[in-house]
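Participant: Predicted coordinates and the sequence they were generated for:
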Amino acid sequence: MNNPLLLILITAGVLFIAGYLFWPEKGFFAKRKKYKWKIIRVLVEDALKHLHDCEYKKINCTINSVAGTLNISGDQAARLIARLESLELILTKADNLQLTSEGRSYALRIIRIHRLWERYLADETGIEEVLWHSKAEELEHNITFEEANTLAAHLSNPIYDPHGDPIPSASGELPYLNGKPMTLMENGEWGQIVHIEDEPPAIYAQLAAQNLHRGVNVRMIDITKERIRFAANGEECILAPLFANSITVAPVPEREKNISEYKRLSSLKIGEKAEVVGLSKACRGQQRRRLMDLGVVPGTIIKAKMQSPSGDPVAYEIKDAAIALRKEQADKIYIKEYENLEKEKI
């Protein structure tokens, strides 16, 4: 080979390929190694979350439960458990997997990040409610614990996520969740939803579709082995006991005992007036701030002015200004009818 130019081109090509494959941090093999380690780290962190969930619910955690939760084979789960044991994050006692103090601390940090992300997605974005959990599952492995503390400060250090799950503090303290399953309520009893289990997704989607969420006040109408009948958001709802068991209720705070008896703005007919008495807890973040900026606050008089040809949205008059609200927005505004308001003043 006597052609210098050809030799230079071949040498340059070899160097390029070698650089592409072996360049530190940015080469193919370096990226592949990082990707492999990221997958392992995700599995480790998801396994620790599962172990903590079992510990919190006081149920046994086994290799099979890890495999089922993480959707991996039994052999993969066994290797993962061995890795966790070698890292001194778990112990195996009579086929029951248990967290060590270090493993519990690690699990709580991941749970903290996950629930902070869920709170962020609920309060700061317009992402669908049924996607909060799965999106947080993706995001929780991509920030450091220090960045999570910054996120918590941005959210004013919330204590609970939007489903009512307690958010561990930066020091690893886990707030206590009060309440009882809805299936233990008595006929005629009032309760406030303080927690809704977001797994499995199919059940949670059904509960979300009925506009059931943390902060809603419910009144039990009838409870049998076949069905649970109760009032919520001014409507009668029916759930199978399996679904209702995913809902935890607590006594209704004194200041909110009457709000569930009020109607929603969407029930107001054209030409009618009403007084705003509050916003639903489902009205969060930017949507809540926008409504309050428009004057939709307790004590304000609001009037239904006109309806679009399709019936949605509806134009309302408030403080000499007109605003258009869709039904899903008007559903989240509690009102006291103007007629009732006048009677109270007599």
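Facilitator: Noted; the coordinates are in hand. Just so it is clear, the model here is predicted, and its values are computed rather than measured. Numbers count the residues shown, from 1 in each chain.

Participant: For the stretch 101-250 of the chain, which segments count as helices?
Facilitator: 101-124, 132-139, 145-154, 201-209, 241-244 (DSSP state H, counting those that start in this stretch).

Participant: looking at those helices, which is buried most?
Facilitator: Scoring the helices of the stretch 101-250 of the chain by mean neighbour count under mean count of other C-beta atoms under 10 Å gives helix 101-124 as the most buried, with a mean of 21. (Glycine included, C-beta is placed from N, CA and C.)

Participant: now the angle from that helix to helix 132-139?
Facilitator: Relative orientation of helix 101-124 and helix 132-139, computed by axes from the mean of the first three to the mean of the last three C-alpha atoms, to 10 degrees: 120 degrees.

Participant: so Asn245 makes contact with Met185?
Facilitator: No: assessed by C-beta atoms under 8 Å, Asn245 is found out of contact with Met185, at 11.5 Å.

Participant: the more surrounded of those two?
Facilitator: Met185 (20 against 16; other C-beta atoms under 10 Å).

Participant: Who's the closest spatial neighbour of the more buried one, skipping the chain neighbours?
Facilitator: Among residues not flanking Met185 along the chain, Met220 sits closest, at 4.3 Å (C-beta to C-beta, 6 or more residues apart in numbering).

Participant: List the residues that contact the one you found.
Facilitator: Residues in contact with Met220, defined by C-beta atoms under 8 Å, 6 or more residues apart in numbering, are Met182, Met185, Glu186, Asn187, Gly188, Glu189, Trp190, Gly191, Ile228, Arg229, Phe230.

Participant: Look at the fourth one and report its pLDDT.
Facilitator: In this model, Asn187 is scored at 92, pLDDT.

Participant: Could I get the contacting residues of it?
Facilitator: Asn187 neighbours (C-beta under 8 Å, 6+ apart): Met220, Ile221, Asp222, Ile223.

Participant: Mind doing that once more with 10 Å?
Facilitator: Arg219, Met220, Ile221, Asp222, Ile223, Arg229, Phe230 (C-beta atoms under 10 Å, 6 or more residues apart in numbering).

Participant: Tell me who's in contact with the fifth one.
Facilitator: Right, the one you point to is Ile223. Met182, Thr183, Leu184, Met185, Glu186, Asn187, Glu189, Arg229, Phe230, Pro241, Ala244.

Participant: who's it bridged to?
Facilitator: Ile228 (DSSP bridges).

Participant: That one and Pro181, how far apart?
Facilitator: 11 Å (C-beta to C-beta, to the nearest Å).

Participant: Give me the average confidence score over stretch 322-333.
Facilitator: 83.

Participant: buried ones in that stretch?
Facilitator: Judged by neighbour count (16 or more other C-beta atoms under 10 Å), stretch 322-333 contains these buried residues: Ile323, Leu325, Gln329, Ala330, Asp331, Lys332, Ile333.

Participant: Take those and keep only those in strands.
Facilitator: Within those, residues falling in strands by DSSP state E are Ile323, Leu325, Ile333.

Participant: With the flanking residues excluded, which residue is spatially nearest to the last one?
Facilitator: With C-beta to C-beta, 6+ apart as the measure, Leu265 is the residue that lies nearest to Ile333, at 4.0 Å, once sequence neighbours are left out.

Participant: swap in the second one?
Facilitator: Leaving aside its sequence neighbours, Leu325 sits nearest to Pro313 (C-beta to C-beta, 6+ apart; 5.6 Å).

Participant: Could you do Leu155 as well?
Facilitator: Per C-beta to C-beta, 6+ apart, closest to Leu155 is Arg119, 5.6 Å.

Participant: Tell me which residues touch the one you found, please.
Facilitator: 132, 136, 151-152, 155-156, 158-163, 165, 167, 284-285 are the contacts of Arg119 under C-beta under 10 Å, 6+ apart.

Participant: what does Leu84 give?
Facilitator: 43-44, 47-48, 51, 66, 90-92, 97, 99-100, 103, 106.

Participant: could the residues you listed go into CSV alongside distance to Ala77?
Facilitator: Compiled in CSV, those are given as follows (distance: C-beta to C-beta, whole Å):
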residue, distance to Ala77
Leu43, 9
Val44, 12
Ala47, 8
Leu48, 13
Leu51, 12
Val66, 5
Ile90, 12
Leu91, 16
Thr92, 12
Leu97, 10
Leu99, 16
Thr100, 19
Gly103, 16
Tyr106, 18
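
Participant: Which members of the residues you listed occur in helices, if any?
Facilitator: Mapping the contacts of Leu84 onto helices (DSSP state H) picks out Leu43, Val44, Ala47, Leu48, Leu51, Val66, Gly103, Tyr106.

Participant: distance of the fifth one from Leu99?
Facilitator: If I follow you right, that is Leu51. Taken as C-beta to C-beta, the span from Leu51 to Leu99 is 5 Å.

Participant: what about Asn60, distance to Tyr334?
Facilitator: On the measure of C-beta to C-beta, Asn60 and Tyr334 end up 45 Å apart.
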